[in-house]
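In: Build the 3D model from these lines:
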Amino acid sequence: MNVLALDLGTSSVRAMVFDDRALARPDALARRGFDLSIAADDSGGATLDAGEYLAALCACLDELAKGGHLDDIGLVAASAQWHSVLPLDAAGRPLGPVVTWLDTRPAPPDGATGPLDPEAFHQRTGAWWHRFYWTVKLPWLRGLGLAPARYTGLVEYILGELLGEAPMSVSQASGTGLLDTAALEWDPEALEIAGVTTDHVPALAPLGWLGRLRPEYARRWPQLAGASWCPAIGDGAASNIGSGAVDETRAAVTVGTSAAVRLVQPAPRGVELPPLPHRLWRYRVDDHRVVTGAAYSAGGNLFAWARRELRLPDGAALEETLQDIAPFAGVRADPRLGGDRPPGTAPAGSGALSGIGFGTTATELFAGMMTGVCTMVLGDLEVLESTVDHRVAVTLGGGAIAASPWWRRAFELALAPREVAHVDDPEVGCTGAALVALGRADQTSG
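Out: Okay, here's the model as predicted:
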């Protein structure tokens with residue numbers, strides 16, 4: 001039996017086939033890039049078109065089918081971006097674009113006060129009353145003049161179109177900021193703050209839920225007609241599992257479109273969770289594990305922007321220009337060009353550079369921005385280690401890390417003296433989703 005794994009990311013859609021040991025099948029990968037709609041006026045808007053996104057995924061599946069790669073698929077797994085929200089009308093049609101994690105426009109309504117006990121709320125939900133989460137996003141969407149009948153996430157909309165029914169996994173639900181992460185139920189206070197009831201948000205997927213393709217899509221891809229579709233897991237959780245960072249001895253630092261540092265810990269349903277430091281979030285991998293960490297709006301997007309705007313070469317030529325620059329010497333950078341991820345509230349456009357002179361080169365500016373990300377990660381890794389009372393090993397991964405050996409070395413220097421490994425797999429999200437679907441999430445990458 002093979003597994004079809006989908007990675008429903010911010011900048012691309014990918015579909016990949018694995019065998020029953022979660023080993024990638026040769027050449028069975030299809031990818032479609034996807035451009036966020038970024039507001040030109042620096043207002044912080046960052047949205048996706050749900051219909052175009054679905055079409056991109058379908059094109060990936062058509063490509064795999066044409067190549068004969070969808071034979072013997074028994075399970076379909078998905079790694080999907082956390083935190084998105086899509087307002088729907090009573091017929092389930094989108095009332096606007098998908099508001100993504102990168103959108104910094106949502107703000108609390110005038111006079112709103114948030115949770116009665118913010119610390120208790122943070123401990124229950126693993127989140128904050130913040131523009132990143134549905135507690136702020138849903139009232140903000142209504143304030144735009146929309147009258148949604150209900151709300152869903154991007155992945156739930158996409159899977160709902162394909163399957164007809166797509167309840168929200170506890171992993172995706174934890175990214176909304178509305179879930180009690182221990183009880184695995186919608187949190188009553190969070191729903192009240194968001195101004196909704198359980199009728200307005202997706203149903204939560206029961207333990208063991210599996211879906212099937214709707215007839216029209218089963219006719220399009222008959223090879224998938226009998227396949228079981230698993231609930232999607234958050235992309236950050238999938239990246240940890242795919243990187244082999246599956247327990248509290250090893251953290252994952254992943255740099256894809258954005259960047260994050262995360263640690264997975266066992267946490268069966270209903271078991272009291274350990275105290276959560278204020279600077280960290282906590283979401284669910286699945287019913288059996290939580291993932292704790294911090295994330296940043298700057299990552300591979302910063303790498304691509306800086307290389308393009310500074311007119312630097314790509315690939316090996318870029319590495320050659322960097323080879324004589326010592327990391328953390330010279331230019332210093334605040335890399336928050338896209339604003340803060342929670343709990344910070346800095347808006348888009350908060351990046352800054354210092355230590356610049358007339359002799360500063362474009363390559364030195366670039367290096368300063370990349371090491372600025374390393375410094376942010378180190379600070380939160382130290383907080384993360386305080387939750388387990390020991391120094392952890394680290395696995396570096398993600399497409400941006402793979403693209404730049406110099407940046408990888410900078411991370412290694414910043415994180416020393418910790419043991420730092422590097423996973424070469426650029427598809428750790430797909431790999432992690434496949435491992436969870438197969439019940440092999442404790443399998444390490446070696």
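
In: measure Gly299 to Gly349 for me?
Out: According to Cβ to Cβ, to the nearest Å, Gly299 stands 17 Å off from Gly349. The way it works is simple: take the backbone N, C-alpha and C, and place the C-beta from them, glycine included.

In: Tell me which helix or strand comes right after the helix or strand where Gly242 lies.
Out: Per DSSP states H and E, Gly242 falls inside helix 235-243. Next in sequence after helix 235-243, counting helices and strands by DSSP H and E, comes strand 250-255.

In: Residues contacting that next one, please?
Out: Contacts with strand 250-255, where a contact means Cβ atoms under 8 Å, 6 or more residues apart in numbering, come from 236, 239-240, 243-245, 259-263, 293, 299-300, 303, 373, 377, 381, 384, 392-401, 407, 411, 415, 428.

In: picking up where we left off before, what helices and strands are in contact with the helix holding Gly242?
Out: strand 2-8, strand 73-80, strand 250-255, strand 259-266, strand 281-284, strand 289-296, strand 393-397, helix 428-437 (3 or more Cβ pairs under 8 Å, 6 or more residues apart in numbering; DSSP states H and E).

In: now it: mean pLDDT?
Out: Across helix 235-243, pLDDT averages out at 93.

In: Only C-alpha atoms, please: export that helix in CSV.
Out: Output in CSV follows, covering the C-alpha atoms of helix 235-243 (Å, rounded to 0.1, in the frame of the first residue of the first chain):
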residue,chain,number,x,y,z
ASP,A,235,2.6,22.0,8.7
GLY,A,236,4.8,22.8,11.6
ALA,A,237,3.9,19.6,13.4
ALA,A,238,4.5,17.6,10.2
SER,A,239,7.9,19.2,9.7
ASN,A,240,9.0,18.1,13.1
ILE,A,241,7.9,14.5,12.6
GLY,A,242,9.4,14.5,9.1
SER,A,243,12.7,15.8,10.4
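
In: Confirm Met376 sits in a helix?
Out: Yes. Met376 sits within a helix when classified using DSSP: H, G, I helix; E, B strand; the rest coil.

In: How much space separates the residue lying closest to it once chain neighbours are set aside from Asp110?
Out: Residue nearest to Met376 in three dimensions, not counting chain neighbours: Tyr296, with 5.7 Å by Cβ to Cβ, 6 or more residues apart in numbering. For Tyr296, the distance to Asp110 equals 29 Å [Cβ to Cβ].

In: residues contacting the residue nearest to Met376?
Out: By Cβ under 8 Å, 6+ apart, the contact set of Tyr296 is 258-260, 335-336, 341, 373, 376-377.

In: Who does it form a beta bridge with?
Out: Beta-bridge partners recorded for Tyr296 (DSSP bridges): Ala259.

In: do Gln265 as well
Out: In this entry, Gln265 is beta-bridged to Val290, by DSSP bridges.

In: Quickly note the distance from it to Ile401.
Out: For Gln265 relative to Ile401 (Cβ to Cβ), the value is 24 Å.

In: hey, C-alpha coordinates of stretch 320-334 in CSV?
Out: Extracted in CSV, the C-alpha atoms of stretch 320-334 (Å, rounded to 0.1, in the frame of the first residue of the first chain):
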residue,chain,number,x,y,z
GLU,A,320,30.8,32.1,-3.4
THR,A,321,30.0,35.7,-2.6
LEU,A,322,29.3,34.8,1.0
GLN,A,323,32.3,32.5,1.7
ASP,A,324,34.5,35.3,3.0
ILE,A,325,31.9,36.9,5.3
ALA,A,326,32.0,35.8,8.9
PRO,A,327,28.4,35.3,10.3
PHE,A,328,27.5,37.8,13.1
ALA,A,329,30.2,40.3,12.1
GLY,A,330,29.2,43.7,10.8
VAL,A,331,25.7,44.4,9.8
ARG,A,332,23.0,43.7,12.3
ALA,A,333,19.3,43.2,11.3
ASP,A,334,15.8,43.1,12.7
